[in-house]
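A.B. asks: fold the following, please.
(chains A and B)
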Amino acid sequence: MARSRWFWRIAFLAIPLLLYLVIVVGPLLYSFFFSLTDWNGFSFDFNFVGLENFSKIFVDPLFGNAIKNTIIWMAAALTLPTLGGLALALALNSRMRGARIYKSLFYLPICLSLAVVGQIWIWIYQPRWGLLNITLDSLGLVDVSRAWLASPETALIAVIVAWAWQQTGLAMVIFLAGLTSVPTELLEAAQIDGANQRQSLLRVVIPLLQPASVVVIALAVINSLKSFDIVYIMTGGGPFHSSDTLAMMMYNESFKKYFMGYGSAISVVLFLIAVVLIAFYFRQVRRLENLYD
Amino acid sequence: MNMRRFALLILLVVALTGLPVLAQDAPEGDTFVTVMHYFTGELGREGLNTIFGNFQEASGITVFDNPIGHEDFKTTILVMAAGGDLPDMFSYWAGARTQFVVDSGRLAPIDEWWDANGLSDVVPASLAAGATVYNGARYLVPFGYHYAGLFYNPTVMADAGITEFPTDWAGFLAMCETLKAAGVAPFALGSMNRWPAQFWFDYLLLRTAGPEYRAQLMAGEASYTDPEVVRAMELWKELVDAGYFVADANAYDWTDAADQVANGEAAMTLMGTWITGYWNGNGLVPVEDYDFFPFPSIDEGVSQAVVGPVDGFVVSAEADHMQGAQDLLLYLLTDTDAQTTWAQGQGALSPNVNVDPSIYTPVMQKAADVVAAAPTFAFNYDLATTPPMAEGGLNMFAQFMNDPSGYVSYLEQTEAVAVEVFGK
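C.D. replies: Modelled structure (predicted):
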């Protein structure tokens, strides 16, 4: 009996494990391997260069620039969609008319692929007939309107706004789910104790939303490390690297400059950053679980 | 026991359906050929469909083709090369990009096939020397080529009172001033994707420092901080500072710039002959609605090189269907109907001397004449220098169009890239 149970365990685990090895672990090890070479991506042969690619990372101004932009992205990701989603969730959790329609509307962008989101916002930012500049011009703010994606000062933030527009809906849904788990007894008890609306929000609701917040924040951090697709669509990291993120730079070095070894080294660094953040996330989740058990 | 059999069955089904997908490939034999190319949408997809269809009918060889847009093509072909799964043949840009793949050992030389078919009598010697030969062997079959010139809107020029087109720098500046006074921006430029700006750098450098110096710069034997390069950038800066370019060049694509010329907002754009294909597709009539003149000379005594790209096809070193690939290549280059369809559809110039010039529009005939009379055919910047260097240079051009005042520091940054790329 015990033997056959083990057989089934292994049999059922074998397929996903095999897929995991082939699709995730294999390429990961491959990247580690190539990060120690000068492979150009095309040739059959390459040389081992030790840690040369990694030492280049520390002096490459483009890498510093990409790190800076990724940190800006992360900071924006932690604030814009998180606060926006929380505000929307709190507003729409009440019994206002048409709340369900609004929820659907705010959630809708999540159903679009980031490529589509990027294209929509390219049109919004279009300098001549884009919605944004036309609106600004009609408000008399001619000095404010500009070529948003073509100016190095605004390109990064313009892409982040487009991205946050989509992510806010996701944060809202997670917070809404979190709000349903806030027991009404606690709110009533707070009311009886004389708490006003602001107090019950800050002292009761928001602390109870902590599990949802952890999910939203973790998603924001991980997604900002992954930020590539929408950048690729909207600016390609440009103009002249002003909107380069780590993922975008990794792509450019590997596929545009044919420095596959260096690109792999960047991906290894990106992987290490992600590991640290994910470890932190798991620690938080475990702490929360202990708290509620 | 039944459960176990069931599970094993599922495993088997997964294995049987999964593995063939992984190993999928075109059928063996010589009646097939797989082709990847970047001729999509406005760059000749339709014409190529016709050509492949005709070839299939005439030869009985089935063409599996896969068109991918320029930028994505560069990545896709790299990924396929890394996976050891290159198509039998693929379109590629003659010059440093082909050199790069040749150096990586992924292409099959075609010298014997070229000689056996007497192709040296088909392709003009000047074109063949620069575009087809790498490291002493022949690798690329030219399919079409282009020439970059100043394409203008004749109505705008006539309205501004311009009837003669300048051949020297003073005349060129005077014309710009006239246009500006008439309330038209002389130049449209859509450098959103960076490359359209390169033709300015190419011509300004070629007309001042000459083709030999430029070749040295492209090969990493000269410096971006040399006075020659600084002078070219200064000339460019004068044009931008004078307000001759439509504002926000980096916000637009080359087709936007073409539209700005077509609708009279700008007088001209420095672009390749593929712009004629785009305009023809939009219903513009050659000569009547658009025409071109060559980039004027700047310094006396400097040879009047022309700039442009050569599109060709190369054969993978591991091609499974070598015969099919060779038959298709021969057809693409030597069949005058195919060449005519391509030249007319894409707005390309034919590398085949047997193609009757009368198939061209008058504007393209003029372009062919200009190229034929030129002492040097130079590849445009991103095809003349290695891919990682081109990345650095193209960035510099976009940076320059955003704010020309920092050109000295941009050149220093670019030289730093050159030092790294060429190991100077």
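
A.B. asks: next up, the contacts around the residue nearest to residue B:192 when sequence neighbours are not counted.
C.D. replies: Spatially, and ignoring its direct neighbours in sequence, residue B:192 is nearest to residue B:253 (4.9 Å; Cβ to Cβ, 6 or more residues apart in numbering or on different chains). For the C-beta atoms, the positions are set from N, CA and C on the backbone; glycine is no exception. Neighbouring residues of residue B:253 by Cβ atoms under 8 Å, 6 or more residues apart in numbering or on different chains: B:190, B:192, B:193, B:196.

A.B. asks: try residue B:389
C.D. replies: Residues near residue B:389 by Cβ under 8 Å, 6+ apart: B:218, B:220, B:417, B:418, B:421, B:422.

A.B. asks: switch the contacts of residue B:253 over to JSON lines; also include neighbour count.
C.D. replies: Converted to JSON lines, the contacts of residue B:253 look like this (neighbours: other Cβ atoms under 10 Å in any protein chain shown):
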{"residue": "B:190", "neighbour count": "23"}
{"residue": "B:192", "neighbour count": "26"}
{"residue": "B:193", "neighbour count": "17"}
{"residue": "B:196", "neighbour count": "30"}
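
A.B. asks: list the buried residues of stretch B:108-116.
C.D. replies: Buried residues in stretch B:108-116, counted by 16 or more other Cβ atoms under 10 Å in any protein chain shown: B:108, B:109, B:110, B:113, B:114.

A.B. asks: which regions of the stretch 151-293 of chain A lie under the pLDDT threshold?
C.D. replies: Applying pLDDT under 70 to the stretch 151-293 of chain A picks out residues A:292-293.

A.B. asks: for chain B, what are the nearby residues on it?
C.D. replies: Within reach of chain B by Cβ under 8 Å from any Cβ of the partner chain, the stretch 151-293 of chain A has these residues: A:151-152, A:236, A:238-241, A:252, A:255-260.

A.B. asks: try 10 Å
C.D. replies: Contact residues, the stretch 151-293 of chain A versus chain B (Cβ under 10 Å from any Cβ of the partner chain): A:151-153, A:155, A:232, A:235-242, A:251-260, A:262.

A.B. asks: what sits against the residue most central in space within chain B?
C.D. replies: By Cα atoms, centre = their mean, chain B has its centre lying nearest to residue B:309, at 4.0 Å. Residues near residue B:309 by Cβ atoms under 10 Å, 6 or more residues apart in numbering or on different chains: B:93-95, B:97, B:131, B:144-148, B:195, B:272-274, B:348, B:379-380, B:382-384.

A.B. asks: need phi/psi at it.
C.D. replies: Here is the backbone geometry of residue B:309 (degrees, to the nearest 10): phi -100, psi 150.

A.B. asks: count of neighbours near the residue of the stretch 51-200 of chain B found nearest chain A?
C.D. replies: In the stretch 51-200 of chain B, the residue that lies nearest chain A is residue B:104 (3.6 Å; Cβ to the nearest Cβ). Per other Cβ atoms under 10 Å in any protein chain shown, the neighbour tally for residue B:104 reads 18.

A.B. asks: buried residues, stretch B:398-413. List them.
C.D. replies: In stretch B:398-413, counting by 16+ other Cβ under 10 Å, buried: B:398, B:399, B:400, B:401, B:402, B:404, B:407, B:410, B:411, B:413.

A.B. asks: the host helix or strand of the fourth one: how far from the chain's middle?
C.D. replies: When secondary structure is defined by DSSP states H and E, residue B:401 falls within helix B:387-402. Distance of helix B:387-402 from the chain centroid (Cα atoms, centre = their mean, to the nearest Å) equals 17 Å.

A.B. asks: show me what contacts the spatially closest residue to residue A:112 that is not a sequence neighbour?
C.D. replies: In space, and not counting its chain neighbours, residue A:112 is closest to residue A:166: 6.9 Å by Cβ to Cβ, 6+ apart. Listed by Cβ under 10 Å, 6+ apart, the contact set of residue A:166 reads A:81, A:108-114, A:116-118, A:120-121, A:230.

A.B. asks: low-confidence ranges, the stretch 251-400 of chain B, go.
C.D. replies: Those would be none, if you go by pLDDT under 70 across the stretch 251-400 of chain B.

A.B. asks: who touches whichever residue of the stretch 301-424 of chain B sits closest to chain A in this structure?
C.D. replies: When distances are taken as Cβ to the nearest Cβ, the stretch 301-424 of chain B reaches nearest to chain A at residue B:388, 3.8 Å away. Residue B:388 makes contact with A:40, A:252-253, A:256-259, A:262, B:100, B:417-418, B:420-422, according to Cβ under 10 Å, 6+ apart.

A.B. asks: follow-up on the earlier one: isn't the residue of the stretch 51-200 of chain B closest to chain A up against residue B:97?
C.D. replies: No. Assessed by Cβ atoms under 10 Å, residue B:104 is found out of contact with residue B:97, at 11.2 Å.

A.B. asks: just the helices in the stretch 151-300 of chain B please.
C.D. replies: B:154-159, B:169-181, B:198-208, B:210-218, B:227-241, B:254-262, B:274-281 (DSSP state H, counting those that start in this stretch).

A.B. asks: CA atoms only: put the helix or strand that the helix holding residue B:401 is followed by into CSV for me.
C.D. replies: Later in the chain than helix B:387-402, the nearest helix or strand by DSSP H and E is helix B:407-422. Once non-C-alpha atoms are left out, helix B:407-422 reads as follows in CSV (Å, rounded to 0.1, in the frame of the first residue of the first chain):
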residue,chain,number,x,y,z
TYR,B,407,27.1,67.4,-29.2
VAL,B,408,30.6,67.5,-27.8
SER,B,409,29.8,65.4,-24.8
TYR,B,410,27.6,63.0,-27.0
LEU,B,411,30.6,62.4,-29.2
GLU,B,412,32.8,61.7,-26.1
GLN,B,413,30.2,59.2,-24.9
THR,B,414,30.1,57.6,-28.4
GLU,B,415,33.8,57.3,-28.5
ALA,B,416,33.7,55.6,-25.1
VAL,B,417,31.4,53.0,-26.7
ALA,B,418,33.8,52.7,-29.7
VAL,B,419,36.7,52.1,-27.4
GLU,B,420,34.9,49.2,-25.8
VAL,B,421,33.4,47.8,-29.0
PHE,B,422,36.6,47.9,-31.0
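
A.B. asks: helix B:407-422 - contacts with which helices or strands?
C.D. replies: The contact analysis (3 or more Cβ pairs under 10 Å, 6 or more residues apart in numbering or on different chains; DSSP states H and E) places helix B:407-422 against helix A:61-92, helix B:227-241, helix B:387-402.

A.B. asks: run a quick neighbour tally on residue A:283.
C.D. replies: Other residues near residue A:283 come to 10 when the count uses other Cβ under 10 Å.

A.B. asks: that one: which element?
C.D. replies: Going by DSSP H and E, residue A:283 is part of helix A:260-292.

A.B. asks: please apply the same query to residue A:42.
C.D. replies: Going by DSSP H and E, residue A:42 is not in any helix or strand.

A.B. asks: one step back: distance of the residue nearest to the centre of chain B relative to residue A:134?
C.D. replies: 37 Å (Cβ to Cβ, to the nearest Å).

A.B. asks: tell me the contacts of the residue of the stretch 51-200 of chain B closest to chain A?
C.D. replies: Residues near residue B:104 by Cβ under 10 Å, 6+ apart: A:39, A:40, A:41, A:42, A:43, A:44, A:45, A:258, B:81, B:317.

A.B. asks: much appreciated, bye for now.
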